[in-house]
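Undergrad: Only the shape, not the letters, is given here:
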């Protein structure tokens, strides 16, 4: 009986893992945002390949990554100071899109996840989420 339960758990876990998206709204965003780790190597480990990285006309930098296996796109926007302020995540299915929407109460001050609806990238339909991170500086406490 114990073996049957373990087999069922293993099969179920395998099914869910194989259908999961590459990134979820979790600490990975904080690692990218705070530049705690090299975001390029972090994303490469998760199957993303750098397609473009360069300056934007309005200042700052834009990096574009693509995961061929899961058909997902990431656009990482940095400001002039090199701080990541926004990540656009293009997902191929509505199911993955809905899975990445977060309740507002789970977000920290200055964070926002915006559902942007449908968009097209290279003539294919994607569902667009935007993760915005604005660090709120607290004023110093005077005693």
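TA: Cool, got the structure. Keep in mind that this is a model prediction, so the values were computed, not measured.

Undergrad: okay, CA-based contacts and neighbour counts for the rest of this
TA: Will do.

Undergrad: Could you verify that residue 44 is part of a strand?
TA: No. Counting by DSSP: H, G, I helix; E, B strand; the rest coil, residue 44 is not found in a strand; it is helix.

Undergrad: Can you give the strand pairings for the host helix or strand of residue 87, parallel or anti for each?
TA: Taking DSSP states H and E as the definition, one finds residue 87 inside strand 84-91. Applying DSSP bridges to the sheet, strand 84-91 is found paired with strand 72-78 (antiparallel), strand 124-133 (antiparallel).

Undergrad: Reformat these into a markdown table and put distance to residue 97 and mean pLDDT next to each item.
TA: Shown next, in a markdown table, are these (distance: least, CA to CA, whole Å; pLDDT from 0 to 100):
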| stretch | distance to residue 97 | mean pLDDT |
| --- | --- | --- |
| strand 72-78 | 11 | 91 |
| strand 124-133 | 6 | 90 |
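
Undergrad: Reformat those as a markdown table; add distance to residue 115 and mean neighbour count.
TA: Listed next are those as a markdown table, based on distance: least, CA to CA, whole Å; neighbours: other CA atoms under 10 Å:
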| stretch | distance to residue 115 | mean neighbour count |
| --- | --- | --- |
| strand 72-78 | 15 | 21 |
| strand 124-133 | 5 | 18 |
